[in-house]
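my questions are about this predicted structure, shown below with the sequence.
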Amino acid sequence: MISSLNILLPEIFLSLSIFTILMFGVFIKKSFNLIFNLTSLILILTIAIILNNPNHEEKIFLDSFTRDSFSNYFKILILISSLFVLNSSKNFIIENKLDKFEYPIIILLSILGMFFMVSANDLILFYMGLELQSLSLYILASIDRDNLRSSESGIKYFVLSALSSGLLLYGCSLLYGFTGSTNFEVIANELNKENIGAVFAMVFILVGLAFKISAVPFHMWTPDVYEGAPTSITSYFAVVPKVAGLALLIKFMFIPFSNVLLEWQTIIIFISIASMILGAVAAILQKNIKRLLAYSSIGHIGYALAGVATGAISGYKSAIVYISIYVIMNIGAFSCLYLLKKDGQYKENISDLSGISKKHPLLAISFLIILFSLAGVPPLGGFFAKFYVFTAVLEKKMYALAIIGLLTTVISAFYYLKIIKTIYFDDSAITFEPVKNKAAQVSIFLSCSILLTFFLYPSIFSNLVNSLFVS
Amino acid sequence: MNFPILSTLIFLPLLSSLFIFLSKDKKNNFNSIYISLFSSIATFLLSLFLWYSLDVNTADFQFVEDKSWINNFIKFKLGVDGISILFIVLTTFITPICIISCINSVKERVKEFLIAILVLETFMIGVFCSLDLVIFYLFFEGGLIPMFLIIGIWGGSRKVYSAFKFFLFTLLGSVLMLVAIIVIYWLTGTTDITQIYEIKIPEEYQNLLWLAFLSSFAVKMPMWPVHTWLPDAHVEAPTAGSVILAAILLKMAGYGFLRFSIPMFPLASEFFTPLIYSLSIIAIIYTSLVALMQDDMKKLIAYSSVAHMGYVTLGIFTLTKQGIEGSIYQMISHGLISAALFLCVGVVYDRLNSRLISTYGGLVNYLPKYSFLFLVFALAALGLPGTTGFLGEFLILTGTFQKSYLAAILATIGVVLGAAYMLWLTKRVIFGVTKNSAIETLNDVNKSEIVMLGTLAFFVIFFGFYPVPLMDTFNVSVNSLIDNYQLALNTR
């Protein structure tokens, strides 16, 4: 029994630490700084625990919880990205008076939820993890409660997300009814084409998951929430839940739905193409950087889904590589936003960037690298992400998906170029204050140098990902 | 040979651009200019050494570097043969000239400009060295970033429009090539082109793949009707940008046809010959007529570039020895001549800030040295015997006559039209009456301009009279290209 608890060690450690620092927060006044630093420490320690844990597959609690290299990879990705997102946003949080001690604790709780999502091997556990994550995110979206737009975005997110959770839950119960089990492996065996009801349930579950990763046509909340929520929350939204959501989606496709591939493939292809097109076209007219990044993230999820749509292990791997590189690019992009400060206010409009290349050359060149990488122009990291995905797509001879996908990259290149144009070609309008935010600068530097030097060793992620699917 | 000479050649400019990025600038950006000039000349000497030590009696790839890159998938493979070496030398030769030209013409953000030029040089050399489709694509597309910035930051009044048009046109053409490259990988199991040459790509795939490659090369070349980005890009780009664009970037597509389209898809190349003939002939005649009517000097030269590139595609797809050799020669020659013509325009543009033909007239009275050099290049551009321009066109037409009389006759009309617009341009700019009083106070070419234009003029005339060093270099490679093509047709 003790040895099986070992498997759960990261989760146990995380939950115990959450309760401990919650107590700190309750009894110590003005404890934000302390709790924030403790949170970073907890994240680092959890990474260490996971790295020390063995990687081979083990299941506990009636096969409802899996610990394998797949879940460990995603947990580490979630932890590292949260670490960077949190630390680079610290100044922003304090300056915008969001420094309530609950802030980092709620983030930790959502991470705990994601841990259960990526490790779940059972419908009930998966749903509980998802809800823990979602509830934390609702609070985070409206954390700036005195700000009208933040509360609006929180409510909007809550209502729509609750609806999608309802659909998801309905799908789960249907699935249980038709297959007689909540265990993923048992469902996989019971589920086949003849079982129409179960296929029906699958569609409901797909809808719920597509909502969580904001794929078209369930993306409506994304731009509003991204724009309304404080930047520090937006950057968290754009990175971490996406990783967990995609992991969950891949897991569903890989285990419970593996026998109804043809049924879900069409759906995923449609969602993928729709996301790529909408992400490319709708972003063109945006004036707010956060809103633009929202549409861009919709597009990027479309590319990752193109990898999932192949229904092959190589495709899943390419989607995981894609999301990993996406995380690097987005951490860099949002960290740049923390440096755009003028008169104590953080600027969010694209027009505020005009001509910053003259006064802030380093910031400008970071933006340049990240934006070209988001556009997928070689030799930057973003190109390799797309390259892996489309290699997997073409392996399955899905020519239409590949060609549409690559054509949308040209359209999306247009709006990335528009920002670069504003930065480099236009005359400067404002000078930003020098911002002392070491963490954000380090994040930008790391992200840019990884993207720039990615071509030297482009198989770094695919090597890591290669061992994830041994079954 | 163990020393990775090609990697050194590729990454030397990149390293020096890093140096410039980190260096502190004193007055007038002397540090940056000296570092970049020094490194680009070093690269040029290295490429000369490469040319010298290349064995031209074999068509095999030499100085091959083969490193594993993406695991079990793609290798980082470089190598040169008789065809690519000339383009490498052309690139490394033009880059120092561009750097010298920016001393006079670039006034602001000189450091960034030099970095962009050197990064661009890395990508350009990489294109001509790569023996792997993915590496080729990487370098081919990567060049867009610095060129986009060069046009956009240092360009003229409509720079944004031109930069966007340039970037999006080229990217749109290239994504189909990326699809084709990945499809080739799944068909043959490799992206190493020397292996793809051995493995025959199935006939039913060849046509589509060939078209996908064409979509990229046609935009880059540029071929009619997707040439419209070129005049815009040229007009708005700063002088050095125009020079690089005309001299080297346009040659990538011609090189791509020779390196990829013909050897990999011989059957499709034969099948689509009529298409290329028609597009080339339209390009030659139509753009020559358009060039006649331009009132902007840069635009006129840009359209003439499209016409000259029409000869190149025509020559390549005659698939005869004369045609292909003529095309390679024409590309090198156009690299020198168009670079020189854009520099000539740049010289007067720096002084009067106008590219309009009507601003000038009667320059010969006040700028005799300049007028002489301009005349040399104008005559070379129209193909006067004794300059490089003649030999290329002559060989291409010889090759075309073997295949199609009609195409050859129509192309010859283009030669006449070419003479017409070049001579008319010369008449209006250099000769005639001086209407603009500002011209009377102009200074003649200064030392750095003499160095740039003089060197180019020397080579234009030298290789016009004595083409042997160039011809010998690519002779064997072209022969083997044609032999393999014939073999593929016969064993169909």
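Looks like it arrived, so ask away. Residues are numbered from 1 along each chain as shown, chains lettered A, B, ... in the order given.

from here on, contacts and neighbour counts on C-alpha atoms
OK.

any idea how far the closest residue to chain A within the stretch 201-350 of chain B lies from B:Ala302?
For the stretch 201-350 of chain B, the residue closest to chain A is B:Ala212, as judged by C-alpha to the nearest C-alpha, at 11.0 Å. For B:Ala212, the distance to B:Ala302 equals 26 Å [C-alpha to C-alpha, to the nearest Å].

then A:Ile271?
44 Å.

state which helix of chain A is the longest.
Longest helix in chain A by number of residues (criterion: DSSP state H): helix A:148-179.

can you give me how far it is from the chain middle?
Computed by C-alpha atoms, centre = their mean, to the nearest Å, the chain-centroid distance of helix A:148-179 equals 18 Å.

equivalent analysis for stretch A:455-462, please.
What separates the centre of stretch A:455-462 from the centre of its chain is 21 Å, taken as C-alpha atoms, centre = their mean.

quick one: residues in contact with stretch A:351-364.
By C-alpha atoms under 8 Å, 6 or more residues apart in numbering or on different chains, the surrounding residues in contact with stretch A:351-364 are A:287, A:336, A:365, A:419, A:422-431.

can you pull the buried residues of the longest helix of chain A?
Neighbour counts using 16 or more other C-alpha atoms under 10 Å in any protein chain shown place A:149-158, A:161-162, A:164-165, A:167-176, A:178-179 of helix A:148-179 among the buried residues.

any buried residues in stretch B:277-295, and which?
The neighbour-count check on stretch B:277-295 (16+ other C-alpha under 10 Å) flags B:277, B:279-289, B:291-292, B:294 as buried.

just the residues you listed: which are in helices?
Among those, the ones falling in helices (DSSP H) are B:277, B:279-289, B:291-292.

show me what contacts B:Thr441?
Contact analysis of B:Thr441 by C-alpha under 8 Å, 6+ apart lists B:Tyr366.

quick check: it vs B:Thr191, distance?
59 Å.

enumerate every residue touching the residue lying closest to A:Phe158 once chain neighbours are set aside.
What sits nearest to A:Phe158 in space, not counting adjacent residues and going by C-alpha to C-alpha, 6 or more residues apart in numbering or on different chains, is A:Tyr138, at 5.7 Å. For A:Tyr138, the contact set (C-alpha under 8 Å, 6+ apart) comprises A:Gly154, A:Ile155, A:Tyr157, A:Phe158.

repeat that for A:Ile370.
A:Met329, A:Gly332, A:Ala333, A:Cys448, A:Leu451.

most neighbours among the residues you listed, please name it.
Ranked by neighbour count (other C-alpha atoms under 10 Å in any protein chain shown), these have A:Gly332 at the top, with 30 neighbours.

please identify which helix or strand holds the spatially closest residue to that one that is not a sequence neighbour.
Of all residues not flanking A:Gly332 in the chain, A:Ile444 sits nearest, at 4.7 Å (C-alpha to C-alpha, 6+ apart). Following DSSP states H and E, one finds A:Ile444 within helix A:438-453.

run the chain-centre distance for that helix.
18 Å.

from the contacts of A:Ile370, pick the one nearest chain B.
A:Leu451 (13.5 Å).

check contacts around the closest one.
Going by C-alpha under 8 Å, 6+ apart, A:Leu451 touches A:Ile328, A:Met329, A:Ile369, A:Ile370, A:Ser373, A:Leu380, A:Gly381, A:Gly382.
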